[in-house]
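Q: Here is my input, please return the structure:
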Amino acid sequence: MDWQRNCVTCITKDMLNVVHHISDKTATPLLIVHGLYGSARNWGVIAKRLSNRGPVMAVDQRNHGQSPWFETQSYPDMAADLAEVIEAGGQGAVDLLGHSMGGKAAMVLALSRPDLVARLIVADIAPVGYGHSQIQYIEAMRQIDLSKIERRSDAEEQLSDLVDDKTLQSFFTQSLDIKEKKWRLNLDTLAREMDKIIGFPEVSGPFERPTLFVSGAASDYVLPEHRPRIKSLFPNASFAKIKDAGHWLHAEKPREFESVIRGWLDRAA
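A: Numbering: from 1, shown residues only. Reported below is the predicted structural model:
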């Protein structure tokens, strides 16, 4: 594997599925890690745009997308998956961008294997445990009658009675395999491991390289009271907010999100 594949996917039995975006520029490679219920394809447009500054890879995390299914969804396991991808790339330390669950996995990797991370970007999540579960979305997806799905809009219509947010309806149905009439999500493992997903493991720090915490101004995932914990683990952290964006800030405000990421990477070069 290398970082210069041209928008293709590759997968081995035990390694994450990876989507590569080729670049003729020489900026540090960027690895993008999606959040819970997401996939590499959710980041396709942003990844392609950012590839005009350097190579970009996006992964399907374990139990998501086209990656293998496992019995666990712990952050040490997810961080180990990412380490394997980076080491297989053979290009040394990468810039690492993670959203939500992917942001926590990215933080754990940066703290445990700082040699693999040049700079870290954490999108709308903090290194803390949360009290609000995401299990309601698994329950909603389980209620979809997949036998009646012929197109993605059919699933969105069913989800509309269960999930109010149209953005989320579209987001979730991107993980549907219409032809096979199944979810590309290991809903059983994700449900069983939900306490680990909304939590954060005990890890030592700090990660002293440049770090950006970017959050949606309308989100409550990164609060002022989280700043001391963030700064203790990531002393070189800076912060940015995207106006009128919630937790899924990259989907709600993709151009604004890209602009913030691009600007910070260029300034921190």
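
Q: what's the distance between Leu16 and Met107?
A: 18 Å (CB to CB, to the nearest Å). Backbone N, C-alpha and C define where each C-beta goes, glycine included.

Q: between the two, which one's more packed in?
A: Taking other CB atoms under 10 Å, Leu16 and Met107 do not tie; Met107 has more neighbours (30 against 25).

Q: name the element the more buried one belongs to?
A: helix 101-112 (DSSP states H and E).

Q: now swap in Val45 and tell me
A: With DSSP H and E as criterion, Val45 is part of helix 44-50.

Q: distance between that helix and the chain's centre?
A: Between the centre of helix 44-50 and the centre of its host chain there is 14 Å, according to CA atoms, centre = their mean, to the nearest Å.

Q: In PDB, could you pull the C-alpha coordinates for it?
A: Taking Å, rounded to 0.1, in the frame of the first residue of the first chain, the C-alpha atoms of helix 44-50 are listed here in PDB:
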ATOM      1  CA  GLY A  44     -15.200  11.800  -0.300                       C
ATOM      2  CA  VAL A  45     -15.800  15.400  -1.400                       C
ATOM      3  CA  ILE A  46     -13.700  16.900   1.400                       C
ATOM      4  CA  ALA A  47     -10.900  14.400   1.000                       C
ATOM      5  CA  LYS A  48     -10.800  15.000  -2.800                       C
ATOM      6  CA  ARG A  49     -10.600  18.800  -2.300                       C
ATOM      7  CA  LEU A  50      -7.900  18.500   0.400                       C
END
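
Q: Check what contacts it and list those residues.
A: 7, 19, 21, 30, 32, 40, 56-58, 250, 254, 257-258, 261-262 (CB atoms under 8 Å, 6 or more residues apart in numbering).

Q: For the buried ones among those, write the corresponding PyMOL selection.
A: Buried members of these, defined by 16 or more other CB atoms under 10 Å, are picked up in PyMOL with:
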select buried, resi 19+21+30+32+40+56+57+58+250+257+258+261
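
Q: State the pair within the contacts of helix 44-50 that is farthest apart.
A: Cys7 and Phe257 (20.4 Å; CB to CB).

Q: ok, the residue nearest to the spatial centre of the chain - contacts?
A: In the chain, the C-alpha closest to the average C-alpha coordinate belongs to His34, at a distance of 1.8 Å (CA atoms, centre = their mean). Listed by CB under 8 Å, 6+ apart, the contact partners of His34 are Ala40, Asn42, Trp43, Ala58, Val59, Asp60, Gln61, His64, His99, Met101, Gly102.

Q: do the same with Ala110
A: Ala110 touches Leu96, Val117, Leu120, Phe207, Arg209, Thr211, Phe234, counting by CB under 8 Å, 6+ apart.

Q: try 6 Å
A: By CB atoms under 6 Å, 6 or more residues apart in numbering, the residues touching Ala110 are Val117, Leu120, Phe207.

Q: Are any of these buried, and if so which?
A: Buried among the contacts of Ala110 by 16+ other CB under 10 Å: Val117, Leu120, Phe207.

Q: what would these look like in TSV with distance to Asp154?
A: As requested, the buried ones among the contacts of Ala110 are exported to TSV (distance: CB to CB, whole Å):
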residue	distance to Asp154
Val117	41
Leu120	39
Phe207	44
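
Q: Go through these and flag which are in strands.
A: Val117, Leu120 (DSSP state E).

Q: of the buried ones among the contacts of Ala110, closest to Leu146?
A: Leu120 (37.7 Å).

Q: Kindly state the beta-bridge partners for the closest one.
A: Note on Leu120: beta-bridge partners by DSSP bridges are Leu96, Thr211.

Q: my read: it touches Thr211, true?
A: Yes: here Leu120 reaches Thr211: they are 4.4 Å apart, a contact under CB atoms under 6 Å.
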